[in-house]
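Engineer: fold the following for me, if possible:
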Amino acid sequence: MTAPTRPLALVTGASSGIGLEIARELAARDHDLLLVAEDERVHLTAASLDAQAVRADLATAEGVEELWTAVLATGRPLEVAVLNAGVGRGGAFADNPLEDELQVVALNVTGTTRLAKRVVQAMVGQGSGRILFTSSIASTMPGPYQAVYNASKSYVQSLAEALVEELEDSGVTVTSLMPGPTDTEFFARADLLDTALGQGPKDDPATVAKQGVEALLKGERKVVGGGLLTRAQAATNAVLPDALKAKGHAAGAKPRD
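Structural biologist: This next block holds a predicted model:
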């Protein structure tokens with residue numbers, strides 16, 4: 001950590017992908033960083049950015065509390081919180097192990113809610129702060145062969161947009177970042193590499209992160225992260241009926257024989 005006059009920013013899921021690039025963006029914009037991930041790479045990331053690292057599993061209550069204890073131990077107001085940690089699971093709902101689907105819910109829904117509660121209460125108490133939720137354009141459509149993940153991101157998106165209104169006069173802003181397919185480890189970890197979605201074009205995570213941070217610092221309500229193809233998909237999803245969106249998603253996410 002460097003000069004205490006710089007704003008303190010928390011980034012979860014910061015060891016790779018969009019979270020790592022968001023951390024880099026905030027570091028370049030003169031923020032001190034508290035970086036969190038469940039794997040040991042977070043320590044290497046933190047070292048490269050002169051940041052503090054916490055290795056914690058945010059799918060558990062214990063992991064969230066361990067992280068929040070570290071935030072309080074800084075003795076500093078938390079001015080930025082990026083709730084980016086998430087996990088996916090591809091495959092047919094009937095075939096996927098229940099434990100895998102519940103892990104998606106535990107991190108994306110329950111863990112996000114636990115941490116958001118801590119962050120929101122602290123920021124409302126100090127009268128300032130900026131929160132970024134990493135949602136997804138998956139939140140705008142049913143997700144056959146990725147059903148629980150899409151449902152979890154719909155929850156995150158709805159939570160973020162509700163908080164925008166609740167916190168309107170609090171000094172705290174809430175932004176949701178809605179990436180499309182992005183070139184990260186997500187597809188391998190979610191077992192989606194053998195799908196049209198997994199093998200299709202993807203956006204640069206650095207571009208998505210920059211768009212998200214810019215929207216966060218401007219206090220914008222939401223931003224679609226990615227290039228023209230992703231923004232076109234988001235615009236199309238806004239008018240298509242759910243049945244058609246479900247069929248399109250199934251074509252992209254169904255495992256190939």
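
Engineer: all contacts plus neighbour counts: C-alpha atoms, from now on.
Structural biologist: OK.

Engineer: what's the lengthiest helix in the chain in contact with?
Structural biologist: If you go by DSSP state H, the chain has its longest helix at helix 147-166. The contact list for helix 147-166, computed with Cα atoms under 8 Å, 6 or more residues apart in numbering, reads 87-90, 92-93, 101, 104-105, 108-109, 112, 133-136, 138-143, 173-176, 221.

Engineer: let me see the mean pLDDT of it.
Structural biologist: The pLDDT scores in helix 147-166 average 98.

Engineer: then stretch 208-221?
Structural biologist: 97.

Engineer: and it, how far from the chain's centre?
Structural biologist: 13 Å (Cα atoms, centre = their mean, to the nearest Å).

Engineer: just the buried positions in that stretch, please.
Structural biologist: 208-213, 215-217, 219-221 (16 or more other Cα atoms under 10 Å).

Engineer: over to stretch 95-104?
Structural biologist: 100-101, 103-104.

Engineer: with stretch 45-63 instead?
Structural biologist: Quick answer for stretch 45-63 (16+ other Cα under 10 Å): 45-46, 49, 51-60, 63.

Engineer: if we can go back for a sec, and the longest helix of the chain, how far out from the chain middle?
Structural biologist: 11 Å.

Engineer: ranges for the strands of the stretch 101-250 of the chain?
Structural biologist: 129-134, 172-179, 222-225 (DSSP state E, counting those that start in this stretch).

Engineer: just send the ones you listed back as TSV, with mean neighbour count too.
Structural biologist: Shown next, in TSV, are those (neighbours: other Cα atoms under 10 Å):
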stretch	mean neighbour count
strand 129-134	26
strand 172-179	27
strand 222-225	24
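
Engineer: same list, those, but as TSV with distance to L159 please.
Structural biologist: As requested, the strands of the stretch 101-250 of the chain are arranged in TSV below (distance: least, Cα to Cα, whole Å):
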stretch	distance to L159
strand 129-134	9
strand 172-179	9
strand 222-225	12
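
Engineer: can you pull the pLDDT of R24?
Structural biologist: Value listed for R24 in the pLDDT field: 98.

Engineer: quick check: it touching L49?
Structural biologist: Yes - R24 sits in contact with L49 when judged by Cα atoms under 8 Å, with a separation of 7.3 Å.
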